[in-house]
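S.K.: take this sequence and fold it.
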Amino acid sequence: MDVAVIIPLFNQLAYTKICLESLASTVDDSTKILAIDNGSTDGTGEYLRGLKGISVIDNRSNLGCASAWNQGVRSTNSEWLVILNNDVILSQGWLEGLVEYAEENRADLVSPAIREGEYNYDLGKYAGEFVKRMTHVARPGEAHGICFLVRRRVFETIGLFDENYRIGQFEDVDFFRRAKAAGFRLAITGRSLIHHFGSMTQKSFGREKKKKSYATENRAYYRRKWRLKWWRRFFLRRSMKWRNIFWRTKEQALYGHTLMEKWIDGRLRYY
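M.R.: This is a model prediction of the structure:
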């Protein structure tokens, strides 16, 4: 497989170590790994320089997610690219599952299923059982920014991530919307499962801003760009809510799992 994995980083060294260790143990030597350090001050740069088999781009300041992702895309010519948060743990076969689903279903942008929250279980055992049950389950037309596999031709057609979104938030949703508008196929697949601790990348990227004005500004820019008046936003929210209810109910009834799961208040919840 001709794949490059792109990981933007800003501090959160403990999570980065867990992520990169799981990545190294789940991909082969042909997979390119590119870390973009956005001016970390917690030893992330020194840690990355001590690793083998990883290319590193050092930025002097926090350029945000979209800019870091674009640096990664420009720095590789792989057919497939994976955009990955650093606050994840990867299970065996996660990458193969994404590529296999994409190739068999002619999809262009694919995200894995996720279990989110406290890491209080055996991921290897859980993922093995999960994928066995959910291998033929998918949510077409959807993706998430935690992890997504993209064919290079998507970038060649619609361009890179919009860097008008500062720091982080909405750049992934915007990209997915542009891809769908151009006729590319998106999906979340049960052939791949990863653990996500939950929003650590975004929290880290935004922590240097005492007032998280970037989130409000990004939301306003997104709405202007896509001409999302209140009534359109209301319709889209309602449509998404009912789709999620349908998917969640069907998946849980048939397979005992859903493609989006989260440990909250002492129990596993399904989304």
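S.K.: okay, buried residues for the helix or strand hosting Gly97 please.
M.R.: Gly97 is part of helix 94-105 when elements are defined by DSSP states H and E. The neighbour-count check on helix 94-105 (16 or more other C-beta atoms under 10 Å) flags Trp94, Leu95, Glu96, Gly97, Leu98, Val99, Glu100, Tyr101, Ala102 as buried. C-beta coordinates here come from the backbone N, C-alpha and C atoms, glycine included.
S.K.: and the gap between the fourth one and Ser111?
M.R.: As for Gly97, its distance to Ser111 is 11 Å (criterion: C-beta to C-beta, to the nearest Å).
S.K.: put the alpha carbons of stretch 29-37 into CSV.
M.R.: The C-alpha trace of stretch 29-37 is given here as CSV (Å, rounded to 0.1, in the frame of the first residue of the first chain):
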residue,chain,number,x,y,z
ASP,A,29,7.9,-0.2,6.8
SER,A,30,6.4,0.9,3.5
THR,A,31,4.0,3.3,5.3
LYS,A,32,5.4,6.8,5.5
ILE,A,33,4.9,8.7,8.8
LEU,A,34,5.1,12.5,8.8
ALA,A,35,4.8,14.4,12.1
ILE,A,36,4.3,18.2,12.0
ASP,A,37,5.3,19.8,15.2
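S.K.: pLDDT averaged over it - what is it?
M.R.: Stretch 29-37 shows a mean pLDDT of 96.
S.K.: same thing with stretch 150-166?
M.R.: Mean predicted confidence for stretch 150-166 is 97.
S.K.: contacts for that stretch next, please.
M.R.: If you take C-beta atoms under 8 Å, 6 or more residues apart in numbering as the criterion, stretch 150-166 is touched by 64-67, 69-70, 73-74, 77-83, 102, 108-109, 171-172, 174-175, 178-179, 182, 184, 214, 217-218, 221-222, 225.
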